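Engineer: attaching a predicted model along with its sequence, questions to come.
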Amino acid sequence: MTKPAGSSFKGWLYGSGVAVLCVWVLLPIGLIGLGAFGGRPAVYQWPKTLMPASLSLDQLAVFLKIDGVWNAALNSVLAASMTMVMALLLGAPAGYALARFSFRGATMFRLMILLTRAFPLAILALPLTVLFIRAGLYDTAFGVSLVHTALALPFAAMITASLFAGIPRELEEAAWVFGCTRWQAFVKVVLPLALPGMAAAAIFAFVISWNEVFAASVLTVQQRTLTAYLLTVLSESPLHYRFAGGFILIVPSVVFIFAVRRYLFALWGVTSR
Amino acid sequence: MAAITIEGVSKRFGAAMALEQLDLTVADGEFVALLGPSGCGKTTLLRIIAGLETRSSGRVLIGDRDVSDLPPAQRGLAMVFQNYAVFPHLTVFENVAFGLRMQKRDEATIDRQVKRAADLLQIGPYLDRYPAKLSGGQRQRVAVARALAVEPAVLLMDEPLSNLDALLRLEMRAELKSVLKEAGTTTLYVTHDQTEAMGLADRIAVMHKGVIEQIDEPTRIYSKPSSLFVGGFVGSPPMNFLNLVASGGSLACDGFSMPLTHQGPVLLGFRGEDVALVEASRGVGFEVKVIEPMGSHLLLTGVVNGERIRVVAPPQADIARGMTIGLQLDAARVVVMDTQTGKAL
């Protein structure tokens, strides 16, 4: 039982890399949780403990009673739902085209889809605001969802493309031969097989919209989404209330992303099962 | 039931010619196998007939109907795919019923036709299962049952047995033949496996580089190949060819002669089992290099006039490596081909 030195060093490096990443992601979440449930003493206590001295839901309850939180949450849900629907309705056809047809510039198209994410939203903020005011979209959940759709669309297209590519072409061809039109074959054969993945893509789009704060802050005044609302309201609040707000924001995204992680891995070409 | 008629169908992929002015008729109720090496265009032809591939020119008729520009759904055919293409999200019953449901048949008809197809393919016990719970052979049966359930005018099969293991393939081959004979469906069957083609087909169309080299009954394809390619592709071992020169109205080499009007270099083709083994002095001299006992026969590899030849000998024949024996050819069982064109004379 002797391992070559090289491989054990590699293993150690790998292990510590994983550990650093885990701490990187989990530590802030842990601290927020600590503040949200432990109240003021847990926030200012040093050294930190793993569990707060006294657990209470007071902060969360107080936070939920803040004026306008429910309205903001409703706006968030509205914007995220519309983003989800639009991103999928527009992204899935693009994904299907990428998966099934070989057309001139397909690789370029794929690259351009991802490049849209490289465009800084800050540059667009002012022109978008002006445009939205003129179009009557300013300060509406729909307006916010339009911008969020633009953000979620690349992912929706890429995820659905990898989904459709994973469904054998012959299944569709068999459906055509046995009497289906292209559309019928898609609905009867491709869609049922892609459905779990499509749900994942939808949830991912929802989370992108739910988490987004910059565009939502710039494009709304009264009808703020939860993130944008918290940013303005909580900047004045005591620290443990901010933690409570942050916790409420984080939980849905973490749960959702955890639920659909398998499909997100597939997006980046990591096979998992 | 209906015949398939293919008139001058061509297919180009860019500059490459996949099919060249191809004509083929499959009679009503006939079973024709498209046989050829991979890349010969046989699957492309099948997909053009099915409407899954576009053609560059020509016409496809099913019965009297020109289906060239119809989508696959309206061509009135069924197809069995190489990887079965059984729908994983539907039960076996729903898979078999798929085509019938698309035709909007009533429940009673669907139930009856599905049961009958399932009985024919012996998948009755699995009708409630999902394909993931079936073996490869069972999925294959589902795919065939799905095709037969719609009682298609024409059945297309694309290497349906190639994904099965050897024993199962043999079993399915015999079964497929009896099932299709019973159904009487016009069938076009693509394969690269010559034993499948020989065993199943009424006629075999041997394809090579986008053209049909020869179309005939299996026995004639085997014994009277029309070209060098067919002779070399069909049969195991392939046909032997000797380079000879014909002159003065006959073709002769030591120990063999036959009348031939053609003048000049020709190829004399003969099957390994069509020769009689005699003393060296009485036939074409054959020097034995390798002896392979195959159980039912001995496969001898050796040289005649410096050319490699394979012949078949009875299992008990008293032959040793290095011996020279005589081959007696039967003039009725040889083919003569033009050396230049590779076509039979």
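Structural biologist: Looks like it came in fine.
Engineer: which bits of the stretch 101-250 of chain B sit near chain A?
Structural biologist: Within reach of chain A by C-beta under 8 Å from any C-beta of the partner chain, the stretch 101-250 of chain B has these residues: B:102, B:103, B:146, B:150. For glycine as for every other residue, the C-beta is placed from the backbone atoms N, C-alpha and C.
Engineer: contacts only, for the third one.
Structural biologist: I take that to be residue B:146. Going by C-beta atoms under 8 Å, 6 or more residues apart in numbering or on different chains, residue B:146 touches A:178, B:78, B:86, B:95, B:96, B:98, B:99, B:117.
Engineer: so it, which of the three states?
Structural biologist: helix (DSSP: H, G, I helix; E, B strand; the rest coil).
Engineer: could you measure from it over to residue B:139?
Structural biologist: The spacing between residue B:146 and residue B:139, counted by C-beta to C-beta, to the nearest Å, is 10 Å.
Engineer: mind listing the shared neighbours of the two?
Structural biologist: Common neighbours of residue B:146 and residue B:139, counting by C-beta under 8 Å, 6+ apart, are residue B:86.
Engineer: rank the contacts of residue B:146 by pLDDT and give me only the lowest.
Structural biologist: Looking at the contacts of residue B:146, model confidence by pLDDT dips furthest at residue B:117: 91.
Engineer: if I look at it, how far off is residue A:57?
Structural biologist: Separation of residue B:117 from residue A:57 (C-beta to C-beta): 63 Å.
Engineer: residue B:73 now?
Structural biologist: Going from residue B:73 to residue A:57 by C-beta to C-beta gives 60 Å.
Engineer: now the strands for the stretch 51-200 of chain B?
Structural biologist: Along the stretch 51-200 of chain B, the segments classed as strands by DSSP state E, counting those that start in this stretch run B:57-62, B:65-66, B:77-80, B:154-158, B:186-191.
Engineer: can you list the residues of chain A near chain B?
Structural biologist: Counting by C-beta under 8 Å from any C-beta, the positions of chain A adjacent to chain B are A:168, A:170-171, A:173-181, A:184, A:189, A:192-193.
Engineer: ok, the residues you listed vs residue B:318, which is closest?
Structural biologist: Compare each of the residues of chain A next to chain B with residue B:318 using C-beta to C-beta and the shortest gap goes to residue A:170, at 54.3 Å.
Engineer: host element of the closest one?
Structural biologist: Residue A:170 belongs to helix A:169-177 when elements are defined using DSSP states H and E.
Engineer: ok, now residue B:9?
Structural biologist: Secondary structure assigned from DSSP H and E places residue B:9 in strand B:4-13.
Engineer: please name the strands paired to that strand in the sheet, noting orientation.
Structural biologist: Paired with strand B:4-13 in the same sheet, following DSSP bridges, are strand B:16-26 (antiparallel), strand B:57-62 (antiparallel).
Engineer: by residue count, tell me the biggest helix in chain A.
Structural biologist: Of all the segments of type helix in chain A, defined by DSSP state H, the longest one is helix A:5-44.
Engineer: tell me how far that helix lies from the chain's centre.
Structural biologist: Mean C-alpha position of helix A:5-44 versus that of the full chain (C-alpha atoms, centre = their mean, to the nearest Å) differs by 22 Å.
Engineer: going by neighbour count, which residues of that helix are buried?
Structural biologist: Within helix A:5-44, the residues that qualify as buried by neighbour count (16 or more other C-beta atoms under 10 Å in any protein chain shown) are A:32, A:33, A:34, A:35, A:36, A:37, A:38, A:39, A:42, A:43.
Engineer: before we move on, the earlier item: buried subset of the residues of chain A next to chain B as a ChimeraX selection?
Structural biologist: If you want just the buried ones from these in ChimeraX, going by 16+ other C-beta under 10 Å, the selection is:
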select /A:170,171,173,174,175,176,177,178,179,180,189,193
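Engineer: show me what the helix or strand that contains residue B:310 is packed up against.
Structural biologist: Element membership for residue B:310 (DSSP H and E) is strand B:307-313. Judged by 3 or more C-beta pairs under 8 Å, 6 or more residues apart in numbering or on different chains; DSSP states H and E, the packing partners of strand B:307-313 are strand B:240-246, strand B:275-278, strand B:298-304.
Engineer: tabulate the ones you listed in JSON lines, adding columns for mean pLDDT and mean neighbour count.
Structural biologist: What follows is the helices and strands packed on strand B:307-313, written out as JSON lines (pLDDT from 0 to 100; neighbours: other C-beta atoms under 10 Å in any protein chain shown):
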{"stretch": "strand B:240-246", "mean pLDDT": "90", "mean neighbour count": "18"}
{"stretch": "strand B:275-278", "mean pLDDT": "89", "mean neighbour count": "17"}
{"stretch": "strand B:298-304", "mean pLDDT": "92", "mean neighbour count": "19"}
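Engineer: these: which one's closest to residue A:108?
Structural biologist: Using C-beta to C-beta as the measure, strand B:240-246 is the one of the helices and strands packed on strand B:307-313 that comes nearest residue A:108, at 52.5 Å.
Engineer: helix or strand next in line after the closest one, which one?
Structural biologist: strand B:250-253.
Engineer: what's the following helix or strand after that following strand?
Structural biologist: Next along the chain after strand B:250-253, taking DSSP H and E as the criterion, comes strand B:256-259.
Engineer: how about that next one as PDB, C-alpha atoms only?
Structural biologist: Output in PDB follows, covering the C-alpha atoms of strand B:256-259 (Å, rounded to 0.1, in the frame of the first residue of the first chain):
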ATOM      1  CA  PHE B 256      -8.600 -25.500 -68.500                       C
ATOM      2  CA  SER B 257     -10.100 -24.100 -71.600                       C
ATOM      3  CA  MET B 258     -13.500 -22.700 -72.700                       C
ATOM      4  CA  PRO B 259     -14.700 -21.000 -75.900                       C
END
